[in-house]
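Student: Generate coordinates for the sequence data below:
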Amino acid sequence: MTDSSSSDSTKSFFHPALAVSNIKNHISITLEMENVQYVTWAELFKFHAKSHRVLHYIIPPESGKEKVPKTDAEKELWSTLDATVHQWIYATISTDLLHTILEPDSMAMDAWNKLRDIFQNNKNSRAVTPEHEFSHANMEDFSNASAYCQRLKILSYQLMNVGAPVSNNRLVLQMVADLSEASKAVGTIIRQSNSLPFFYQARSMLILEETGFTKQLATRSTTAMLAQDYDDNPSSGNNHPNR
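Tutor: Predicted structure coming up:
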């Protein structure tokens, strides 16, 4: 009769984290020094690490729940997984950040903590530039309503990442503060609402209004061209062969 514990010990164990061949398929954001998206990047990274059972390699577990490797096999697996998570970090940050945090014989948690310190320190200073651009955004400076709204949303994410989150009401009010001629009417409707719509609802209203305004201009232009052509050639309407 075969001992079950002996049989289990001979089974090969493959950790799910080792199955990840390309971390960028799971974390599409590249963390950069200038384009501040640390909070978003960190949340995506933590979700991925948790789903692959390696979160404790970057976030210390609660006291008393630490798992200390004892056997040689456990120590080897721990070292392998730490290196794997370390590679994930390096693969999802910019070259400048990589050179900043890279140190020989460091662990994944060391790299994680250095990135946290880089982006979580001096939050107020980091908020100055996106706050200024957000507060002075003008729709006339963009090609269309969609590009304008997208830029405001990106700036709001950047402000959130430096500890200065933008509420939905402030985002919507800023969005309708300086509109083009094509969207002023719907902007007035939004501002006068007792309850402001959510950002994406207001965005859809602006885009639809702009699309309708553009179509009206195109129709008027076509009509004006036909009228001008008739004025220049008034007899052209009498040249039909059946007349």
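Student: hmm, which helix or strand of this protein has the shakiest average pLDDT?
Tutor: helix 4-10 (a mean of 41; mean pLDDT, DSSP states H and E).
Student: can you give me the helices for this protein?
Tutor: Along the chain, the segments classed as helices by DSSP state H run 4-10, 38-51, 72-91, 95-101, 108-120, 123-135, 145-161, 168-175, 184-191, 199-232.
Student: buried sites along the second one?
Tutor: I take that to be helix 38-51. 38-42, 44-45, 48-49 (16 or more other CB atoms under 10 Å). C-beta: built from backbone N, CA, C; applies to glycine.
Student: how about these in TSV, adding distance to Ser204 and pLDDT?
Tutor: Below are these laid out as TSV (distance: CB to CB, whole Å; pLDDT from 0 to 100):
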residue	distance to Ser204	pLDDT
Tyr38	30	86
Val39	26	84
Thr40	23	86
Trp41	28	92
Ala42	30	92
Leu44	26	93
Phe45	32	96
His48	31	95
Ala49	35	95
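Student: between those, which is nearest Asn22?
Tutor: Asn22 has its nearest neighbour among the buried residues of helix 38-51 in His48, at 12.0 Å by CB to CB.
Student: Roughly how far does that closest one sit from Pro16?
Tutor: 11 Å (CB to CB, to the nearest Å).
Student: one step back: comparing the helices of the chain by mean pLDDT, which bottoms out?
Tutor: Of all the helices of the chain, the minimum mean pLDDT falls on helix 4-10 (a mean of 41).
Student: what about the closest residue to Phe142 other than its chain neighbours, distance to Ile154?
Tutor: Closest residue to Phe142 apart from its sequence neighbours, by CB to CB, 6 or more residues apart in numbering: Tyr148 at 4.0 Å. Distance, Tyr148 to Ile154, using CB to CB: 11 Å.
Student: which of these two has more neighbours?
Tutor: Tyr148 (25 against 15; other CB atoms under 10 Å).
Student: from memory the more buried one sits against Leu155, does it?
Tutor: No: applying CB atoms under 8 Å, one finds Tyr148 not in contact with Leu155, separated by 11.1 Å.
Student: What is the burial count for the nearest residue to Val176 once chain neighbours are set aside?
Tutor: Of all residues not flanking Val176 in the chain, Gly187 sits nearest, at 3.9 Å (CB to CB, 6+ apart). Using other CB under 10 Å, Gly187 has 20 neighbouring residues.
Student: mind listing what Gly187 touches?
Tutor: Contacts for Gly187 (CB atoms under 8 Å, 6 or more residues apart in numbering) come out as 176, 179, 206.
Student: Among the residues you listed, which one sits closest to Ala108?
Tutor: Leu206 (44.1 Å).
Student: mind checking how far that closest one is from Ala19?
Tutor: Per CB to CB, Leu206 is found 44 Å from Ala19.
Student: Between the two, which has more neighbouring residues?
Tutor: Between Leu206 and Ala19, Leu206 has the larger neighbour count (other CB under 10 Å), namely 24 against 8.
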